[in-house]
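Asker: Dropping a prediction and its sequence here:
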Amino acid sequence: MPQTHAGTHGGPTVRSIMRNELSSAIRNALGSLGVPTPETIELERPARREHGAFSTNVALVSAKAAGRAPRDIAADIAAHLDANPPPQVSRVEVAGPGFVNFHICDEWLHDVLRSVVAAGGLWGRSSTGAGTRVLVEYVSANPTGPVHAGHARGAVYGDSLARILRAVGHEVDEEFYVNDRGVQMQAFAASLAARAAGEEPPSDGYRGDYIAEWAAEMPSGSDPLTWGEARALLDQQEVLAELGVVFDDWFSERRMVNSGAIDTTLQDLRTRGVVFDSDGATWLRSTDFGDDKDRVLVKSDGDVTYLLPDIAYHRDKFARGYDLLVDVWGADHHGYVPRMRAAIEALGHAPSSLEVVITQLVRLERGGQEVRISKRWGDLITLRDLIEEIGPDAVRLTYLLQSVDSPQTVDLDVVVSESNENPVHYIQMANARLRSIDRVAAERGLERAPLGSVDLSVLVDQRELEVLRTLELLPEVVELAARERAPHKVTTWVRDLASAVHGFYHDCPVLHPDTPEPVRQARWWLASAAATGLQVGLELLGVTAPEQM
RNA sequence: GCCCUCGUAGCUCAGCUGGAUAGAGCAGCGGACUUCUAAUCCGCCGGUCGCAGGUUCGAAUCCUGCCGAGGGCGCCA
């Protein structure tokens, strides 16, 4: 039986082991050929299957230093490796401008299957991020109303990012900053009080329908500010939980301010010599740290600006021991990034210890017609509406379909449609089909052999191998998604796996009477491994994987 | 005016630290169920990667400029 190398949490993958073997084989070849060896041997995955499982560009990279033609060097490398073949390599070839391609025996994919089964729910995880504590702050909507559809992208993104960062070993906390202090709270309370008294909200107040609804719920004699804030928080927490978004802490700005954090922070900044007084106000000399203008911290009327509590908050985050702060903000706040980063530096922290992810706007449509999401007016689409209309899984997957760097257009009619345009269905369907194999097998009383006694060499169909090739990618995909803060890369992978699964399911019957028993056993395990892959991927996205549809 | 993000097939989008002939899905056309879920699968059609330079053996990818779309530039939050 081939040795199972990988798959346990943090262990090397089959690919990384092969990569190391190939890498040293190439070094040996270069050494004995007298060709200068580059710092790193790049072994990449060719875009095309026919170019093998690995490809190296060393001949192209070192051509200049060696004073020889790339293809010439490549041919020598290939010849040398042909004479001293690394394990599992079936063929070495020179291609294109001077690439050396390595074709690997399919058996290595069978090792992948064993790795996935052995790892189970831990497949794809690693420990590369161990030792770094990360705080992801996201949503942070004002406690003056329901979470609306515009917040949904950040909510889903932040939660999935946290899951992915954990999967690579980071210690991650998720936090929602509650702006429960300031003029917007007064306006909110005044609006509630007015509606409760049967009057119109003040001109700078909130006019959404929810104000009237909440005012009607409000017991007489309650303080509209206290009651209203609690009502809003409850609503936000409930609806986010429905989406599977649960925070470790809802950090209260008011509590922080009451604890004296503003003064402490201002003191700290003064001690560091980065503030000055001018025109009766107190300023942060943020231009010393890359901002285009200095910023007011305390206004001439004595009130603090919004910036100072934000600085105090981030100072608090560092005080709690986090190494990296990830803030997820909407596109309308991106102008705020330089001053916040300047503040971080002014506090003595590396600018890179704050990372701000800006999520671009989402345009909602119904049948091609734009649906407006506006804040203070009545026609607001809440996150709750959205969840009721398309379901939590569809909300999550839809928002995680593409990079948050890109503006997104979502057609609600398409998302709910029972068609190929609906990727939620496509993926969940793949999982349900795999699960149906177990279900039907149980009904028929079929026995499953232990994996150790199953001969996987019967898995030779391209459909079967494609599933394994896709499964094999997950550790790298998770790694990359974590490093680039890009959950949508996991989504893309899950869709690819679902596609491979549908192909396998279509062409490779498991339980059919014509399927020979040894093939059935091997395919059955393949189906299990694929189901594991789908579940792991969907878990990182926070999307459920129903067993039946 | 300055800053940020984006511009890839008719539509919605992928494209990893630069790699080989730029990929999916939908739409359009044509096929496939005696089988574990046909809400599936296969084939065809479809692209001057916004434009112009530059770097490089090699650019959708990196740099510069321009064009276009969205967002932001307060002692507002």
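Answerer: Everything's here; your move. As the structure is a prediction and not an experimental result, all values here were calculated from the model.

Asker: From here on, just use CA atoms for contacts and neighbour counts.
Answerer: Noted.

Asker: Tell me where the model's unsure across chain A.
Answerer: Counting by pLDDT under 70, the ranges of chain A that qualify are A:1-11, A:372-380, A:417-421.

Asker: Could you pull up the residues touching the residue nearest the centre of chain A?
Answerer: In chain A, the C-alpha nearest the mean C-alpha coordinate belongs to A:Pro487, at 2.5 Å (Cα atoms, centre = their mean). For A:Pro487, the contacting residues are A:Tyr157, A:Ser160, A:Leu161, A:Ile164, A:Leu400, A:Ser403, A:Ala481, A:Leu541, taking Cα atoms under 8 Å, 6 or more residues apart in numbering as the criterion.

Asker: Mind doing that once more with 6 Å?
Answerer: Taking Cα atoms under 6 Å, 6 or more residues apart in numbering, we find A:Pro487 in contact with A:Leu161, A:Ala481.

Asker: What of A:Val326?
Answerer: The neighbourhood of A:Val326, defined by Cα under 6 Å, 6+ apart, consists of A:Val136, A:Glu355, A:Val356.

Asker: Am I right that the last one is in a strand?
Answerer: Yes: the assignment for A:Val356 is a strand, going by DSSP: H, G, I helix; E, B strand; the rest coil.

Asker: Tell me the bridge partners for it.
Answerer: Counting by DSSP bridges, A:Val356 forms beta bridges with A:Asp327.

Asker: So it is in contact with A:Asp327, correct?
Answerer: Yes: checked against Cα atoms under 6 Å, the pair A:Val356 and A:Asp327 is within contact range at 4.7 Å.

Asker: and the residue of the stretch 101-250 of chain A found nearest RNA strand B, how many neighbours?
Answerer: When scored by Cα to the nearest atom of the strand, the stretch 101-250 of chain A has A:Gly182 as its residue closest to RNA strand B, at 4.8 Å. Other residues near A:Gly182 come to 12 when the count uses other Cα atoms under 10 Å.

Asker: Roughly how far does it sit from A:Leu446?
Answerer: As for A:Gly182, its distance to A:Leu446 is 66 Å (criterion: Cα to Cα, to the nearest Å).

Asker: can you count the residues close to the nearest residue to A:Lys293 once chain neighbours are set aside?
Answerer: Once its chain neighbours are removed from consideration, A:Lys293 has its nearest residue in A:Thr287; the separation is 5.5 Å (Cα to Cα, 6 or more residues apart in numbering). The tally of other residues near A:Thr287 (other Cα under 10 Å) stands at 15.

Asker: from what I can see A:Thr287 touches A:Val274, true?
Answerer: No: distance between A:Thr287 and A:Val274: 9.9 Å, which falls outside the contact criterion (Cα under 6 Å).

Asker: and the closest residue to A:Ile104 other than its chain neighbours, how many neighbours?
Answerer: Of all residues beyond its chain neighbours, the one nearest A:Ile104 is A:Val89 (4.6 Å), with distances taken as Cα to Cα, 6+ apart. Burial of A:Val89 is recorded as 20 neighbouring residues (other Cα under 10 Å).

Asker: circling back: which one of the contacts of A:Val326 sits in the busiest neighbourhood?
Answerer: With neighbours defined as other Cα under 10 Å, the most crowded of those is A:Val136; it has 23 neighbours.

Asker: I'd say that residue and A:Phe176 touch.
Answerer: No: look at A:Val136 against A:Phe176 with Cα under 6 Å: they stay out of range, at 8.8 Å.

Asker: quick one: which of the contacts of A:Val326 is nearest A:Gly391?
Answerer: For these, the closest approach to A:Gly391 (Cα to Cα) belongs to A:Val136, at 25.0 Å.

Asker: which SS state does that closest one fall under?
Answerer: Here A:Val136 is recorded as strand under three-state DSSP.

Asker: Could you list everything it pairs with in the sheet?
Answerer: Legend: beta-bridge partners of A:Val136 under DSSP bridges are A:Glu174, A:Val326.

Asker: give me every residue that touches A:Pro224.
Answerer: When the contact criterion is Cα under 6 Å, 6+ apart, the partners of A:Pro224 are A:Ala189.

Asker: which SSE is A:Phe251 in?
Answerer: With elements delineated by DSSP states H and E, A:Phe251 resides in strand A:249-252, which encompasses its position.

Asker: Buried ones in that strand, by neighbour count?
Answerer: In terms of neighbour count (16 or more other Cα atoms under 10 Å), strand A:249-252 has its buried residues at A:Trp250, A:Phe251, A:Ser252.

Asker: domains in chain A, as residue ranges please.
Answerer: As assigned by automatic domain parsing, chain A contains the domains A:14-105, A:138-258+A:360-416, A:423-541.

Asker: And for A:Asp385, the neighbour number?
Answerer: 14.

Asker: Return the distance of it relative to A:Leu361.
Answerer: 18 Å.

Asker: now A:Val245
Answerer: Taken as Cα to Cα, the spacing of A:Val245 relative to A:Leu361 amounts to 20 Å.

Asker: in a helix, that's where A:Met185 is, yeah?
Answerer: Yes: residue assignment for A:Met185, taken from three-state DSSP, places it within a helix.

Asker: What parts of the stretch 1-150 of chain A come near RNA strand B?
Answerer: A:44-47, A:51, A:55-57, A:60-61, A:64, A:95-97, A:99-101 (Cα under 7 Å from any atom of the strand).
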